[in-house]
Structure formats: structure tokens, C-alpha cells
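Novice: Sequence isn't available, so here's the structure alone:
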């Protein structure tokens with residue numbers, strides 16, 4: 001009691017009858033209280049200097065490390081109607097197993113013998129192409145035969161031309177001889193006429209000479225006609241030679257035109273064959289698409305089109321499957337302000353939904369129980385629609401405790417990305433001032449101690 005007031009109660013009321021007054025007035029209790037308060041103060045100061053691991057906390061879900069191992073929806077490649085299911089929900093399927101059989105709903109593919117009839121058409125086109133090829137080859141042989149016959153015919157006509165030239169030369173010589181004989185006959189007739197006039201020759205002799213001269217003249221004229229005929233035969237032979245060339249050129253051109261037409265028809269048929277082969281391949285592939293098969297080993301999760309006779313559109317999901325062999329990973333989202341603090345291969349502690357864990361302060365990971373080790377596998381460079389950055393965390397190596405084998409894709413997870421070790425007082429000071437956590441850009445940088453981290457400018461320097 002401070003004994004400030006003059007109205008003292010202990011003079012009017014016996015205080016020893018009240019235990020509360022007895023305890024308050026006991027000086028030993030005040031000393032004990034002071035000792036306890038001092039002890040708590042010292043303990044609080046000691047706690048302030050205890051190490052604290054800075055961390056980033058984030059929520060997420062379990063996923064798979066590879067996109068091919070994530071749950072997927074098997075879609076129908078073609079539009080069709082469900083005719084038969086070969087599996088049920090909860091079944092395990094392996095790669096290549098048939099899941100659903102579809103029937104066609106388009107009239108262009110109703111024919112049950114579509115492939116066989118398309119193959120018949122394709123074979124007919126191939127035979128037509130072969131016939132055109134044979135026709136082109138036959139015309140090529142015909143062209144060669146015509147060219148050979150032309151050569152022989154030209155050789156024959158060249159011989160005739162040579163013979164005509166030789167005959168013209170012979171007839172020309174004979175004409176010269178006949179002309180000389182005619183000139184001699186004229187001179188002789190004139191001499192005989194002179195002798196007749198002088199009475200030295202009889203009229204009979206003169207008439208004989210005239211007859212002889214006429215015979216020589218007739219031979220001369222006949223030889224002229226013969227030479228003209230030879231020259232005409234020579235000209236006719238040359239005309240025949242040119243005519244033969246034109247005739248065979250026309251035949252060869254016609255055969256070449258027919259051969260090119262056959263080639264053109266063959267090429268057109270080959271183009272149709274290629275188109276029909278493509279069509280046949282499309283039909284064959286479409287026939288295989290009637291059977292929806294499993295792309296990998298997995299677990300039938302849910303049938304999206306369960307009823308028989310239901311129509312399925314092209315690209316519409318039919319069944320969802322969960323792969324059997326998966327490499328799990330944690331898919332978490334962090335704030336943009338924490339993005340520079342997360343690095344590849346950084347250590348992360350994970351708390352899975354459904355597995356009991358005791359977190360004795362996020363800053364003392366060693367004292368926590370039920371958490372598992374993870375490593376940052378990738379950090380997304382583009383912000384997500386929720387305004388956070390996606391981080392993929394993979395399971396650590398075999399030196400750490402393995403993740404639970406009963407983990408399922410989609411279950412929740414909480415992550416603690418471990419950063420620097422700092423004193424608790426510095427962490428409190430940082431939280432009150434809203435400064436970002438300390439981190440080091442290099443993996444081998446030495447850790448700084450508590451008092452060296454009091455300035456936020458040092459954090460900026462480290463980031464640089």
C-alpha cells in the first residue's frame with residue numbers, strides 16, 4: 001500500500017481476516033512478481049536473438065511434372081454414335097486397349113464395303129494408266145518404224161534421183177551426137193544437091209540423101225524429146241522425194257500427237273490415282289478412328305458420354321483417364337513481390353492435405369513434423385489469370401524422405417519456400433516496416449548475421 005490517503009482502512013477493519021489483503025500487503029509476493037517479470041523479459045530478449053528462417057508461404061495443388069502424365073480427356077476424332085463400351089469406370093486400361101466403338105452418322109460413309117469398292121475403283125484407274133502407258137509405248141515404236149521406213153524410202157528415191165541424173169547426162173551426150181549427125185547430114189545434102197544440079201548425081205541418089213538426112217533429123221528430134229523426158233523424170237523424182245518427206249512427216253507428227261495424248265491421259269489418270277489413294281487412306285484412317293483406344297496406361301476416371309446410341313461430335317470428349325505412371329509435383333502460386341526470391345532448385349517444405357503435420361512456426365522448419373522436402377523445378381515467367389505466378393515443385397532426390405505414395409492429383413498442398421536465416425528481432429522489424437525478405441542471388445554466398453541486415457538498402461544491393 002502507498003499510504004497516501006489519511007483515511008486508512010486497516011485502523012477500522014481487521015485486514016488479517018481477508019486473505020487478499022494479506023497477499024497484497026506481503027512484500028515477498030511483490031518481489032516474486034518482479035523476478036518473474038524480469039525473467040520473462042530476459043526470455044523475450046533471448047528469443048529475439050534466436051535464428052528464424054525466412055520463408056514464402058503459398059497454396060496450391062498436386063499435379064504431375066510432365067504434361068503427358070496429367071489427367072486427360074480422350075476425344076472422338078470423328079462424329080459418330082456410341083455402339084459399344086469395352087470398359088467401365090474404375091477399370092485399368094493399357095496403351096492400345098479399345099475403350100469405345102463408334103458407328104458412322106454421315107451418309108458419305110454408310111457403305112459397309114466402302115474400302116473394298118474404293119479399292120476396285122483404284123485398281124481400275126491403275127489398269128487404265130497402264131493401258132495408256134502401253135499405248136504411248138506402242139506409238140513410240142510406231143514412230144521409230146515410220147522414221148526407219150522414211151530413211152529407206154529416202155534412200156530409194158535418192159538412188160532414183162541419181163539414176164535420173166545419169167540418164168540426163170547420157171541423153172545429153174546422145175543429143176550432142178545426134179546434133180552433130182544432123183549438121184553433117186545437112187552439109188551432105190547441100191553437097192548432093194550441088195552435084196545434082198551439076199548433073200553429077202542422079203535424082204535417085206539425091207532422094208536417098210534427103211531421106212537419110214530426114215532420118216538423122218528425126219533421130220535428133222527424138223533425142224531431144226528423150227532428154228526432155230529424162231529431165232522431167234528427174235523433176236518428178238525430186239517432187240516424189242519431197243512428197244515422201246511430207247507424207248512421213250505428217251504420219252510421224254500424227255503418231256507423236258497420239259503418243260502425247262496418251263501420255264497426257266496417263267498423267268491425268270495418275271493424278272486421279274493419287275487422289276483416290278489419298279481418299280482410300282482417309283477412309284482407312286477414318287475406319288480406325290471408329291475405335292477409341294487408350295493413348296497410355298491409365299485409370300478410367302469418368303465416362304462423359306455413358307449412354308449407348310448417343311451421338312458424339314468430332315473433338316468432343318468421351319471419357320476421362322488418369323495415367324498410372326506419374327511423377328507428382330506441387331503446383332503453387334506466389335505473389336509477384338515474392339517472384340525474385342524463388343530460384344530453380346531452391347529447397348521447399350511441403351504440407352499435403354490429408355497428412356498430419358505439426359508446424360512449430362514456419363521459421364523453424366527443423367522443428368516441424370509431417371512436412372516433406374521439395375525442389376523448385378520451374379518458375380513461370382508470365383503472370384496467371386489470378387494475378388499470381390505459377391511455380392512447379394518436384395520431389396527432392398532420394399536422400400530425403402519420399403512423398404506419400406497415396407497422393408492424388410488435385411489434392412491441396414501448402415508450400416514454404418525457405419530463404420535466409422535471420423534473428424527474430426530482425427524479422428519482426430522487417431514485417432513491421434513491410435520490407436521484402438533477405439535473399440542471395442548466388443548459391444554460394446555467405447549468410448549475413450542479424451545486425452548486418454538492419455538496412456533495407458542492403459537487400460536492394462543483393463538483388464542487383
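Specialist: Here it is on my side, so go on. Owing to the predicted nature of the structure, the values given are computational and were not obtained by experimental measurement.
Novice: Model confidence for the spatially closest residue to residue 95 that is not a sequence neighbour, exactly?
Specialist: Leaving out its chain neighbours, the residue that sits closest to residue 95 by Cβ to Cβ, 6 or more residues apart in numbering is residue 296, at 5.1 Å. For every residue, glycine as well, the C-beta is placed using N, CA and C. pLDDT, residue 296: 90.
Novice: Assign a three-state SS to residue 296, would you?
Specialist: coil (DSSP: H, G, I helix; E, B strand; the rest coil).
Novice: can you pull out the strands in the protein?
Specialist: Assigned by DSSP state E, the strands in the chain fall at 51-64, 72-75, 80-85, 92-93, 98-104, 291-293, 298-303, 311-312, 317-323, 328-334, 347-352, 372-379, 389-395, 412-423.
Novice: contacting residues around the fourth one?
Specialist: Okay, so that is strand 92-93. Outside of strand 92-93, the residues within contact range by Cβ atoms under 8 Å, 6 or more residues apart in numbering are 87, 99, 294, 297, 298, 299, 300, 321, 324.
Novice: again, only using 6 Å
Specialist: 87, 294, 298, 299 (Cβ atoms under 6 Å, 6 or more residues apart in numbering).
Novice: Could you list the low-confidence segments of the chain?
Specialist: 1-30, 357-370, 420, 435-464 (pLDDT under 70).
Novice: other SSEs contacting the longest helix belonging to it?
Specialist: In the chain, taking DSSP state H as the definition, the longest helix is helix 203-289. With contacts taken as 3 or more Cβ pairs under 6 Å, 6 or more residues apart in numbering; DSSP states H and E, helix 203-289 sits against helix 114-197.
Novice: Now do the helix it packs on and helix 203-289, the angle between them.
Specialist: Counting by axes from the mean of the first three to the mean of the last three Cα atoms, to 10 degrees, helix 114-197 lies at 170 degrees to helix 203-289.
Novice: Mind giving me the packing neighbours of helix 114-197?
Specialist: helix 203-289.
Novice: The helix it packs on to strand 80-85, inter-axis angle?
Specialist: 60 degrees.
Novice: Now the buried members of the contacts of strand 92-93.
Specialist: 87, 294, 298 (16 or more other Cβ atoms under 10 Å).
Novice: follow-up on the earlier one: so which of the strands of the chain comes closest to residue 246?
Specialist: Residue 246 sits nearest to strand 98-104 of all the strands of the chain, at 63.5 Å, using Cβ to Cβ.
Novice: and that closest one, what does it pack onto?
Specialist: So strand 98-104, by 3+ Cβ pairs under 6 Å, 6+ apart, packs with strand 80-85, strand 291-293.
Novice: How about the contacts made by the residue of the chain most remote from its centre?
Specialist: The centre of the chain is farthest from one residue, residue 199, which by Cα atoms, centre = their mean lies 126.5 Å away. Residues in contact with residue 199 (Cβ under 6 Å, 6+ apart): none are found.
Novice: Got phi/psi on it?
Specialist: Torsion angles at residue 199 (phi, psi; degrees, to the nearest 10) stand at phi 80, psi 10.
Novice: ok so, going back, can you lay out the strands of the chain as JSON lines showing distance to residue 282?
Specialist: Below are those laid out as JSON lines (distance: least, Cβ to Cβ, whole Å):
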{"stretch": "strand 51-64", "distance to residue 282": "35"}
{"stretch": "strand 72-75", "distance to residue 282": "19"}
{"stretch": "strand 80-85", "distance to residue 282": "15"}
{"stretch": "strand 92-93", "distance to residue 282": "27"}
{"stretch": "strand 98-104", "distance to residue 282": "13"}
{"stretch": "strand 291-293", "distance to residue 282": "16"}
{"stretch": "strand 298-303", "distance to residue 282": "29"}
{"stretch": "strand 311-312", "distance to residue 282": "19"}
{"stretch": "strand 317-323", "distance to residue 282": "22"}
{"stretch": "strand 328-334", "distance to residue 282": "40"}
{"stretch": "strand 347-352", "distance to residue 282": "49"}
{"stretch": "strand 372-379", "distance to residue 282": "40"}
{"stretch": "strand 389-395", "distance to residue 282": "40"}
{"stretch": "strand 412-423", "distance to residue 282": "47"}
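Novice: Of these, flag the one that's most buried.
Specialist: strand 328-334 (a mean of 23; mean count of other Cβ atoms under 10 Å).
Novice: quick one: strands adjacent to it?
Specialist: strand 51-64 (antiparallel), strand 389-395 (antiparallel) (DSSP bridges).
Novice: contacting residues around the shortest one?
Specialist: What that stands for is strand 389-395. 65, 329-330, 332-334, 339, 342, 348, 374-380, 383-384, 403.
Novice: now do the longest one
Specialist: The set of residues that contact strand 51-64 without belonging to it, under Cβ under 6 Å, 6+ apart, is 70, 326, 328-332, 334, 338, 362-363, 365, 407, 409-422, 424, 427, 437.
Novice: Tell me how far that strand lies from the chain's centre.
Specialist: 40 Å (Cα atoms, centre = their mean, to the nearest Å).
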